[in-house]
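S.K.: Provided below are the primary sequence and the corresponding predicted coordinates.
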Number of protein chains: 2
Amino acid sequence: MRATTDSADSAKTPTGKITIAHIAEEAGVSVPTVSKVVNGRADVARETRRRVEEIIRKYDYQRRSDQRTIKANLLDLVFHELESAWAIEIIRGVEQVARDNEMAVVLSEFQGRRTPGRGWVEDVLRRRPAAVISVFSDLSVEQQARLRSGGIPLVVVDPAGEPDPDVPSIGATNWSGGLTATRYLIGLGHQRIAVIGGPERTLCSRARVDGYRSAMETAGLSVDPALVRHGDFHVEAGYQQAAALLGRPDPPTAVFAGSDLQAMGVYQAAREAGLRVPEDLSVIGFDDLPVAQWIGPPLTTIRQPLEEMAAAGARLALSLAVGDEPAHTRIELATSLVVRGSTAAPRQAE
Amino acid sequence: MRATTDSADSAKTPTGKITIAHIAEEAGVSVPTVSKVVNGRADVARETRRRVEEIIRKYDYQRRSDQRTIKANLLDLVFHELESAWAIEIIRGVEQVARDNEMAVVLSEFQGRRTPGRGWVEDVLRRRPAAVISVFSDLSVEQQARLRSGGIPLVVVDPAGEPDPDVPSIGATNWSGGLTATRYLIGLGHQRIAVIGGPERTLCSRARVDGYRSAMETAGLSVDPALVRHGDFHVEAGYQQAAALLGRPDPPTAVFAGSDLQAMGVYQAAREAGLRVPEDLSVIGFDDLPVAQWIGPPLTTIRQPLEEMAAAGARLALSLAVGDEPAHTRIELATSLVVRGSTAAPRQAE
């Protein structure tokens, strides 16, 4: 290793700013070689790349944000999966901001892998988008560092509620949503209220379930652990958990589902149990996907403003791209209750 | 105009191939100027651009397809709107092919306008994708010509069934789908079968309704004009038309809806009329969106292979991009019947 504290100090400009020339000098390579590394070019020896990247990280070098280097006016939007019905809402929010700024959106999907594979970051560095907006995906520390040294800002649109403190992110008020949903059911007169959360380790789900608990406890109702269930956010999990709940000797009179898709599974379990929604069972969802208003009965749900979250993320990304310092690195947009036909007062106990 | 038949002939190489130099000579401008026009650059005087484009069109000049000029390994995917629930299926099909070819997808939406605005084609020519895949959108003749002269192939994924004969396209067998759906209902014993089509001028809808007619007539059943309705493909139209049908003194015992979304509207109208699906009313949809299996009862429908259609379109586009001649310029992928819980034999007439 050539790098020492001394050479590090001598590598800086009088203003203390690190330049690409200084990195080249310290790494013992040419300026074009450093430039190739920063731009994700493949034709650099592995060991050279490693050495240059190490020095880049050491000084936290960032390529100067420069509109002239944004070749194609692109915004990169990254999903780990396009399965979910709400992906289209996110895409529309980003598209809208891109259009307003005469940019185009590059869409990538990682087929369910949370972290993009090797090669992805090189592709991004080569096409030089103004920024990268990531949904639900976890970039590795190295991938984040390479984007940073390439001068490409990263913003996370984060419906999962698991923000990395180092990355600006946009979320929703999941805890408040859980509180609101449960308080609405309590207000209708329900006392045996079940909750079906998402995966137990997913923070957005924990926040919703914690909101449920707080609503129950502040209303003087005890939480029956048997009525707190978990599954993934899809229809089948809602069906399985609801079938188990409705098969109990003391079934709930209302179910707060962690997603609209789960709520559709609850409908299915209710139908099979011969229960009518909302007369025999109240159901409330979370997300407010378009489908929520189309199913029978139309679903009462907590609206998560996915399109607005995506648009806010894209706007934040573009302001970072022109060198602005963000006023906030974590923004949570408010959820809200949408009352439709799937909730009613419970039947009088016989 | 400098161009005459004579100069045109002299502008050709001995092999008869037009080069950019010949176009420059005929237009009386420099080669870089022609190159700017072909690449969609903005810094060319309006009148010069017009003259160069005219000569390009006259000879049907096509930029040589050249992998080295595909800067970013991009595929452009164009929607006129992302509203529809099936957009995500199309996106996934194109994403899959892009990934297999180490390319990225640029997504554009025109907010409901069928033809992209001015500026779009310049953006495409500047970013030089390998190809453009258009869904439901109508590019103008000029936009098509500029893509062609830029050497960027265009393929239409065309669920609407309105192919431009000059553009390679992928569709679905809409007529067969309508025939199959109606024959299935007839086979269950239904005779008063209504159809709700899409917009009357949309060819995919006409094909489905014609398939319905053929099924009825070949089974010896007369088509009651009062049972043939039209609307757009959304939930509300299905609801409106079904409400009108069910309010008749001689309501149908089965409805073939032109889309799954319309079918959801039919469910809603049936609920409001106090009719159970399928006991009192059989319903069959078209598309097989994911939601079809989640609603209650799960929807019998005609599956349109949207993801496969999009993937086939992307593969066709990429083969054109490397200079292959397509074996077929119009491919229709087969629809198929998916039987679920929304169809049953009609109740015995009292």
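M.R.: Nice, I can see it. Please read these numbers as outputs of a predicted model, since none were measured by experiment.

S.K.: how about the residues of chain A near chain B?
M.R.: A:71-74, A:76-77, A:82, A:85, A:87-88, A:91-92, A:95, A:99, A:102, A:104-109, A:111, A:119, A:123, A:126-127, A:235, A:261, A:264-265, A:267-268, A:271, A:290-291, A:294-297 (Cβ under 8 Å from any Cβ of the partner chain). For glycine as for every other residue, the C-beta is placed from the backbone atoms N, C-alpha and C.

S.K.: out of the residues you listed, which are buried?
M.R.: A:72-74, A:76-77, A:82, A:85, A:87-88, A:91-92, A:95, A:99, A:104-109, A:123, A:126-127, A:235, A:261, A:264-265, A:267-268, A:290-291, A:294-297 (16 or more other Cβ atoms under 10 Å in any protein chain shown).

S.K.: Filter those down to the ones in helices?
M.R.: A:87-88, A:91-92, A:95, A:99, A:123, A:126-127, A:235, A:261, A:264-265, A:267-268 (DSSP state H).

S.K.: can you give me the helices in chain A?
M.R.: Taking DSSP H to define them, one finds helices in chain A at A:5-10, A:20-27, A:31-38, A:46-59, A:87-100, A:120-127, A:141-149, A:174-188, A:203-218, A:235-246, A:260-272, A:306-321.

S.K.: do you know which of the ones you listed lies nearest residue B:146?
M.R.: Taking Cβ to Cβ, helix A:87-100 is the member of these nearest to residue B:146, at 20.4 Å.

S.K.: who touches that closest one?
M.R.: The contact list for helix A:87-100 (Cβ atoms under 8 Å, 6 or more residues apart in numbering or on different chains) reads A:75, A:77, A:79, A:81, A:104-105, A:107, A:133, A:135, A:157, A:289, A:306-315, A:318, B:82, B:85, B:87-88, B:91, B:107-109, B:111.

S.K.: Please state the offset of that helix from the chain centre?
M.R.: Average the C-alpha atoms of helix A:87-100, do the same for its chain, and the two points are 15 Å apart (Cα atoms, centre = their mean, to the nearest Å).

S.K.: Give me the pLDDT value at residue A:55.
M.R.: Residue A:55 is assigned a predicted lDDT (pLDDT) of 82.

S.K.: low-scoring stretches of chain A, by residue?
M.R.: For chain A, the stretches with pLDDT under 70 are A:1-17, A:42, A:60-72, A:83-84, A:112, A:114, A:137, A:159, A:161-163, A:349-350.

S.K.: residue nearest the centroid of it?
M.R.: residue A:158 (1.9 Å; Cα atoms, centre = their mean).

S.K.: Surely residue A:295 touches residue A:267?
M.R.: Yes: using Cβ atoms under 8 Å, residue A:295 is in contact with residue A:267, at 6.8 Å.

S.K.: got any residues that touch both of the two?
M.R.: Joint contacts of residue A:295 and residue A:267 (Cβ under 8 Å, 6+ apart) are residue B:296.

S.K.: So residue A:321 is in contact with residue A:128, correct?
M.R.: No: using Cβ under 8 Å, residue A:321 is not in contact with residue A:128; the gap is 10.6 Å.

S.K.: Pull the number of nearby residues for the nearest residue to residue A:247 once chain neighbours are set aside.
M.R.: Among residues not flanking residue A:247 along the chain, residue A:273 sits closest, at 7.6 Å (Cβ to Cβ, 6 or more residues apart in numbering or on different chains). Close neighbours of residue A:273, defined as other Cβ atoms under 10 Å in any protein chain shown, add up to 15.

S.K.: And for residue A:189?
M.R.: By other Cβ under 10 Å, the residues close to residue A:189 number 14.

S.K.: Next, the contact list for it, please.
M.R.: Residue A:189 touches A:345, A:346, counting by Cβ under 8 Å, 6+ apart.

S.K.: From chain B, how far off is the closest residue in space to residue A:182 that isn't next to it in sequence?
M.R.: Excluding the flanking residues, the one nearest residue A:182 by Cβ to Cβ, 6+ apart is residue A:215, at 3.5 Å. Taking Cβ to the nearest Cβ, to the nearest Å as the measure, residue A:215 falls 28 Å from chain B.

S.K.: residues in contact with residue A:215?
M.R.: A:178, A:179, A:180, A:181, A:182, A:183, A:186.

S.K.: Return the member of those nearest to chain B.
M.R.: The closest of these to chain B turns out to be residue A:181 (Cβ to the nearest Cβ; 20.6 Å).

S.K.: My understanding was that the closest one contacts residue A:283; is that so?
M.R.: No: here residue A:181 lies out of contact with residue A:283, judged by Cβ under 8 Å, at a distance of 10.6 Å.

S.K.: Quick one: neighbours of the nearest residue to residue A:21 once chain neighbours are set aside, just the number.
M.R.: Nearest residue to residue A:21, sequence neighbours excluded (Cβ to Cβ, 6+ apart): residue A:31, at 5.7 Å. Residues contacting residue A:31 under the criterion other Cβ under 10 Å number 14.

S.K.: Can I get the contacts of residue A:215 in JSON lines including neighbour count?
M.R.: Shown next, in JSON lines, are the contacts of residue A:215 (neighbours: other Cβ atoms under 10 Å in any protein chain shown):
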{"residue": "A:178", "neighbour count": "29"}
{"residue": "A:179", "neighbour count": "23"}
{"residue": "A:180", "neighbour count": "18"}
{"residue": "A:181", "neighbour count": "29"}
{"residue": "A:182", "neighbour count": "27"}
{"residue": "A:183", "neighbour count": "18"}
{"residue": "A:186", "neighbour count": "18"}
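
S.K.: just those residues now: which is nearest residue B:192?
M.R.: If you rank these by distance to residue B:192 using Cβ to Cβ, residue A:181 comes first, at 43.8 Å.

S.K.: what's near enough to touch the closest one?
M.R.: The contact partners of residue A:181, by Cβ under 8 Å, 6+ apart, come to A:208, A:211, A:212, A:215, A:256, A:284, A:286, A:302, A:337.

S.K.: could you measure it against residue B:58, distance?
M.R.: Here the criterion is Cβ to Cβ, to the nearest Å. By it, residue A:181 lies 66 Å from residue B:58.

S.K.: Then residue A:170?
M.R.: Going from residue A:170 to residue B:58 by Cβ to Cβ gives 52 Å.

S.K.: More neighbours: those two, which one.
M.R.: The residue with more neighbours, out of residue A:170 and residue B:58, is residue A:170; 28 against 14, by other Cβ under 10 Å.

S.K.: Enumerate every residue touching the more buried one.
M.R.: Per Cβ under 8 Å, 6+ apart, neighbours of residue A:170: A:155, A:156, A:157, A:158, A:309, A:310, A:312, A:313, A:316, A:331, A:332, A:333.

S.K.: Is it bridged to anything, and to what?
M.R.: Assessed by DSSP bridges, residue A:170 has beta-bridge partners residue A:157, residue A:331.

S.K.: Over to stretch A:127-134 now: how far is its first residue from its last?
M.R.: 16 Å (Cα to Cα, to the nearest Å).

S.K.: And for stretch A:59-79?
M.R.: Start and end residues of stretch A:59-79 are separated by 30 Å (Cα to Cα).

S.K.: Look up the closest residue to residue A:48, ignoring the ones flanking it.
M.R.: Distance criterion Cβ to Cβ, 6+ apart; nearest residue to residue A:48, sequence neighbours excluded, is residue A:29 at 5.9 Å.

S.K.: how close does that neighbour get to residue A:18?
M.R.: Residue A:29 sits 15 Å away from residue A:18, going by Cβ to Cβ.

S.K.: Pop the domain breakdown of chain A in here.
M.R.: According to automatic domain parsing, chain A comprises the domains A:5-59, A:67-172+A:307-334, A:174-304.

S.K.: export these to a markdown table and tack on distance to residue A:344?
M.R.: A markdown table is the format used below for these (distance: least, Cβ to Cβ, whole Å):
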| stretch | distance to residue A:344 |
| --- | --- |
| domain A:5-59 | 57 |
| domain A:67-172+A:307-334 | 26 |
| domain A:174-304 | 4 |
